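Visitor: prediction below, plus the sequence it came from.
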Amino acid sequence: MEEERKPAGDDEAADDPIYARAAFWVVRLSSPDATDADRAAFETWRAADPAHAEAYAEMEAWRGIAGRVPDTRRRRRPPPTRLVGLAAALGLSGFITYESGILDRVRADVWTGIGDIETARLPDGSRAALDTDTALALHFTDAARDVHLLRGEAVFDVVPDSARPFVVYGGGLRVRAVGTRFFVRAGGDAEPVGVAEGRVDASTTAGAVTIGAGEVALRSADGHLMVERGDVGRATAWREGKLVVTGQPLAAVVADLNRYRRGRIVLLGSGLGAQRFSGTLDIRDTDDALDVLAATMGLRVTRLTPYLVLVRPPA
C-alpha cells in the first residue's frame, strides 16, 4: 500500500510548474475574455509533452466533475498542498485579473475595491453610497451635475438644485433627478433603477419612464423600462452590509456573494444552482455567509484557499 502523503511540508509538490500551468489554462479558457490566440497557445503547450495533457485533464476533471477532488493517494495526482498552492496563485492571476476593473478605476473620480462599501460626498454636497467594485466619474459645472457610473451600483442622496439637474449615466441608462434618493446599477442588470424618495426620469434608447418612491424599473429583453412597486430597502440592504434573499436560486445568491470577495465560489453538482434560498447573509464576511448557506441547505463547503471555494450538494 502506498504511504499516505502528509498534508503539510510537501513544498516540492506544491510548486509543480506543470500542474500550475495546467490549472492556469483551465481558468483562462473558461473565462469570458478567452481569445483564439489563447486557445492556440494552449494547444501548443498541451501537445508539447504528454505530461502536460495529463495534468490538464486532471485539473479540468477536478474543476468540472460534480464535486470530485483528485484522489490524493495516487502517485500522479496533485496532493491537497499542491491544489492549495495552485489555487492561491490562480486566485489573483486567473480568477480576478479580467474582472479587476483597473481601467474603470483609472477613469474614475470615486471608486471602491472588491468587498468595499463606502459613502462619498460629492462636490455639490450630495452623497453617493458605493457598492463593491463600483466606479464613478464626475462632471460638475455651474450648469450641470453629471455622474457616469462606469461599473457597479450606487445609491444617490441628492441635494436639490433646480438650476443644475443631477443626471446619472450608466448601463445604457440616463437617470435624471432634482432632489431624491435612488439607486442605479450598471452592467445590464434586470432591475437597474429604484427610488426610495422623490422621483426620477429614466430613459434608454427604447424610451423613457418616470419612477416614483417605492418603485423600481425593470428592463425587458428589448431594452424597454417597465415600472412596478418594489422593495427598494431590500435591493439596497448592501449599504448595511446585508444581502437579503427571498426565494432566489442558489446560483444567483452565489453570484452576488462572488461580487464581494476576491477569488471564486464554485458550485459543483447538477441542479445545485437551481435550489432556492431565503434569508439574510453578511456580505462583509462572505465566509460566514457560506457557513449560513451550508447549515441551512446542508451543503458541503471545501475551502482550498481564500481564493477558491467549492460548494457541493449534501453527501
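Guide: Great, that's in hand. The model shown is predicted, which means the values in this text are computed figures rather than measured ones.

Visitor: CA only for contacts and neighbour counts going forward, please
Guide: OK.

Visitor: would you state the strands of the stretch 151-300 of the chain in chain order?
Guide: Using DSSP state E, counting those that start in this stretch, the strands assigned to the stretch 151-300 of the chain run over residues 153-157, 166-170, 173-177, 181-185, 193-197, 199-204, 207-212, 215-219, 225-229, 242-249, 264-267, 276-282, 300-305.

Visitor: cool, the stretch 1-150 of the chain as well?
Guide: 110-111, 118-121, 127-130, 135-140, 145-151.

Visitor: so what are the sheet partners of the last one and their directions?
Guide: Its sheet considered, strand 145-151 pairs with strand 135-140 (antiparallel), strand 166-170 (parallel) by DSSP bridges.

Visitor: just those strands: most buried one?
Guide: Of all these, strand 166-170 has the most neighbours on average by mean count of other C-alpha atoms under 10 Å, namely a mean of 21.

Visitor: if I look at the spatially most central residue of the chain, how far off is residue 150?
Guide: Geometric centre of the chain, nearest residue: residue 259, 2.7 Å, by C-alpha atoms, centre = their mean. Between residue 259 and residue 150 the distance is 16 Å, computed by C-alpha to C-alpha, to the nearest Å.

Visitor: ok, how many other residues are close to residue 245?
Guide: Around residue 245 there are 18 other residues, counting by other C-alpha atoms under 10 Å.

Visitor: and it, what does it touch?
Guide: Residue 245 makes contacts with 253, 277, 278, 279, 280, 281, as judged by C-alpha atoms under 8 Å, 6 or more residues apart in numbering.

Visitor: before we move on, back to that, how about CSV for the strands of the stretch 1-150 of the chain, with mean pLDDT added?
Guide: Written out in CSV, the entries for the strands of the stretch 1-150 of the chain read as follows (pLDDT from 0 to 100):
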stretch, mean pLDDT
strand 110-111, 94
strand 118-121, 96
strand 127-130, 97
strand 135-140, 96
strand 145-151, 96
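
Visitor: format these as a markdown table; extra columns: distance to residue 60.
Guide: Compiled in a markdown table, the strands of the stretch 1-150 of the chain are given as follows (distance: least, C-alpha to C-alpha, whole Å):
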| stretch | distance to residue 60 |
| --- | --- |
| strand 110-111 | 36 |
| strand 118-121 | 38 |
| strand 127-130 | 37 |
| strand 135-140 | 34 |
| strand 145-151 | 31 |
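
Visitor: one step back: among the contacts of residue 245, the buried ones, what's the ChimeraX command?
Guide: When burial is assessed using 16 or more other C-alpha atoms under 10 Å, the buried subset of the contacts of residue 245 is captured in ChimeraX by this command:
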select :253,277,280,281
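
Visitor: what's the closest of the contacts of residue 245 to residue 118?
Guide: Nearest to residue 118 among these is residue 281, at 18.6 Å by C-alpha to C-alpha.

Visitor: so which bits of stretch 41-58 are buried?
Guide: Judged by neighbour count (16+ other C-alpha under 10 Å), stretch 41-58 contains these buried residues: 42, 45, 46, 52, 53, 54, 55, 56, 58.

Visitor: what's the first-to-last distance across it?
Guide: Across stretch 41-58, the straight-line distance between its terminal residues is 19 Å, by C-alpha to C-alpha.

Visitor: among the buried residues of stretch 41-58, which one sits closest to residue 287?
Guide: Taking the buried residues of stretch 41-58 together and measuring to residue 287 by C-alpha to C-alpha, the closest member is residue 58, at 27.2 Å.
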